[in-house]
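A.B. asks: make a model of this:
(one chain, ligands or ions: 2)
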Amino acid sequence: MLHSSYQAQPLTVHRLKQPLKGVVSLPGDKSISHRSLMLASLAKGVTHVHGLLEGEDVIRTAEAMKAMGAIIERKSEGEWVIEGRGMQGLQEPADILDMGNSGTAARLLSGLLASSPFTSVMTGDASLRKRPMMRVIAPLSGLGATFLYREGGRLPVAIRGVGNPSPITYRLPVASAQVKSAIILAGLNCVGETVVEEPVVTRDHTENMLRHFGVPVEVIPQEGGGRIIRLKGKAHLTAKDILVPGDPSSAAFVVVAALLVPGSEVTLKTVGLNPLRTGIFQTLLEMGAQIESVGEATEGGEKTGTLVVKASNLHGVEVPESRVPSMVDEFPILSVAAACARGTSRFRGLAELRVKESDRLSSTFEMLKVNGVEVHIEGDDLIIEGREGPLPGGGKIETHMDHRLAMSASILGLVSESSVFIDDTGFINTSFPGYFTLMNGLGAGFAL
Ligand SMILES: O=C(O)C1=C[C@@H](OP(=O)(O)O)[C@@H](O)[C@H](O)C1
Ligand SMILES: C=C(OP(=O)(O)O)C(=O)O
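C.D. replies: Ligands and ions are numbered 1, 2, ... in the order given. A predicted model of the protein is given here:
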């Protein structure tokens, strides 16, 4: 929550004149970490989670599940133990649940709260309180749950849940794994079968983890690329240990830095490579990036691999709208890569970027523009005129409480002629604690 006592953490970034070198392990995947805490809290038995992301967003989920009676303990860095309550065991939280900066926590929890026989209230920080909740409130109302919310479906939201909800059949109007997951989580407690149709496929960590906990989830591929997901309610989850892979969305910052700083070579160990998350790597490869994946494995339904990245001369690229869900959080950092790539890049259909921690379409546009990059927005498309060599830089970047903007801006600073000023880097802790330490270990030289 952005309290009045919050102290912004500004940073000036200077051009890096030496290569980035080294081997790193990334913090755990944010999507998988949220889901580990929620599903383990619903399971019967004790779940050990290894590699949990200890970013502020995930800690909000841990606090919320504790407020509903789950016993959650941190044993050591990334090692957490969760004693679940069983499907019927969640209790009414005694106070307001504060989801901080996290859209994933707020949307997924809505599904659990709507299908539990008690009343709860959720809020968030100034960024989250601007983000749309109607996308989950509308389908979850179909269960019989009642919602009270601010104008336009904004947090704070009060939810009167139902204990034995009727299942729904729902076709997603937006490509959103958060909406899909909220409905699936609610479906766990419904009497009967929940059906979700996604015309465009989104990350499937909820489906994978439910299977890991012993719940059958039927996924039927559709002609034209979509999927139908079917789940029988009154399900039973059985505790099972979880190994969280490194977050590919966090990896993207390190990868782009290594590609752009001349002479760099960086190895990123055990990165999550779920094919519904790897649009960024596919796009960078199309731009001429040298990225190699070695030692691929699958654990808990999630593919992983080690990435070896070498500095590369990039060229412009076109990203089709159909690829957006597989890299929805990566456009700010991809834009930095495109600004340093020969020729024009066009990213199509970025409407969803407008409802993230900031309006990422306009905040990314501004970040590039104030640093001398030629950039345009046409409808929901972003067009970037790239150039080889360092960017002009010299701009003041406003991050609008957006961690991805802050990290993208820091990489932009490393490859800019004139120093770049970032108004606040504090929100990086929501998804990538230790970001500057990790980058400085590779030689980035951020002056903190
Ligand atoms: O399900 C998830 O864990 C997430 C889904 C995406 O949001 P949408 O579902 O709104 O696209 C993504 O932006 C977010 O960082 C994490
Ligand atoms: C959009 C993001 O997260 P959330 O929706 O969980 O706030 C993100 O991490 O870029």
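A.B. asks: going by C-alpha atoms from here, please, whenever you check contacts or count neighbours.
C.D. replies: OK.
A.B. asks: low-confidence ranges, the chain, go.
C.D. replies: 1-4 (pLDDT under 70).
A.B. asks: so which bits of it are right by ligand 1?
C.D. replies: 31, 104, 176-178, 328-329 (Cα under 6 Å from any ligand atom).
A.B. asks: tell me the secondary structure for N274?
C.D. replies: Using DSSP: H, G, I helix; E, B strand; the rest coil as the criterion, the local structure at N274 reads coil.
A.B. asks: need the residues that contact the helix or strand containing L140.
C.D. replies: Counting by DSSP states H and E, the element that carries L140 is helix 134-141. Contact with helix 134-141 is made by 107, 110-111, 114, 147, 152-154, 168, 170, 179, 182-183, 186, as judged by Cα atoms under 8 Å, 6 or more residues apart in numbering.
A.B. asks: with adjacent residues omitted, what lies nearest to Y435?
C.D. replies: Nearest non-adjacent residue to Y435, counting by Cα to Cα, 6 or more residues apart in numbering: I428, 7.4 Å away.
A.B. asks: hang on, that neighbour in a helix?
C.D. replies: Yes. Judged by three-state DSSP, I428 forms part of a helix.
A.B. asks: show me where the stretch 201-350 of the chain has its helices.
C.D. replies: 205-212, 248-260, 279-286, 331-339 (DSSP state H, counting those that start in this stretch).
A.B. asks: so which of the ones you listed is nearest V196?
C.D. replies: Among those, the nearest to V196 by Cα to Cα is helix 205-212 (11.6 Å).
A.B. asks: pull the distance from that closest one to the chain's centre.
C.D. replies: Distance, stretch centre to chain centre, for helix 205-212: 17 Å (Cα atoms, centre = their mean, to the nearest Å).
A.B. asks: packing partners for it?
C.D. replies: helix 30-42, strand 217-221 (3 or more Cα pairs under 8 Å, 6 or more residues apart in numbering; DSSP states H and E).
A.B. asks: can you list the buried residues in the shortest one?
C.D. replies: Using 16 or more other Cα atoms under 10 Å as the test for burial, strand 217-221 gives 217, 219.
A.B. asks: that one vs helix 205-212, what angle?
C.D. replies: Using axes from the mean of the first three to the mean of the last three Cα atoms, to 10 degrees, one finds that strand 217-221 and helix 205-212 are set 130 degrees apart in direction.
A.B. asks: can you check the first one too?
C.D. replies: With the same axes, to 10 degrees defining the directions, helix 30-42 sits at 40 degrees from helix 205-212.
A.B. asks: helix 30-42 near ligand 2 at all?
C.D. replies: No. Using Cα under 6 Å from any ligand atom, helix 30-42 stays clear of ligand 2, with a minimum separation of 7.5 Å.
A.B. asks: I'd like the next helix or strand past that helix.
C.D. replies: Following helix 30-42 toward the C-terminus (DSSP H and E): strand 46-50.
A.B. asks: now that following strand against helix 30-42, angle please.
C.D. replies: Using the same axes, to 10 degrees: strand 46-50 against helix 30-42 is 160 degrees.
A.B. asks: which helices and strands does strand 46-50 pack with?
C.D. replies: By 3+ Cα pairs under 8 Å, 6+ apart, strand 46-50 packs against helix 30-42, strand 79-83, strand 242-243.
A.B. asks: let me have these in TSV, adding mean neighbour count as columns.
C.D. replies: Below are the helices and strands packed on strand 46-50 laid out as TSV (neighbours: other Cα atoms under 10 Å):
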stretch	mean neighbour count
helix 30-42	26
strand 79-83	21
strand 242-243	20
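A.B. asks: between the helices and strands packed on helix 205-212, which one is nearest to G295?
C.D. replies: Of all the helices and strands packed on helix 205-212, helix 30-42 sits nearest to G295, with 20.8 Å by Cα to Cα.
A.B. asks: now that closest one and helix 248-260, what's the angle there?
C.D. replies: Our comparison of helix 30-42 with helix 248-260, counting by the same axes, to 10 degrees, yields an angle of 160 degrees.
A.B. asks: which phi and psi does V195 have?
C.D. replies: Backbone torsions of V195, given as degrees, to the nearest 10, read phi -130, psi 120.
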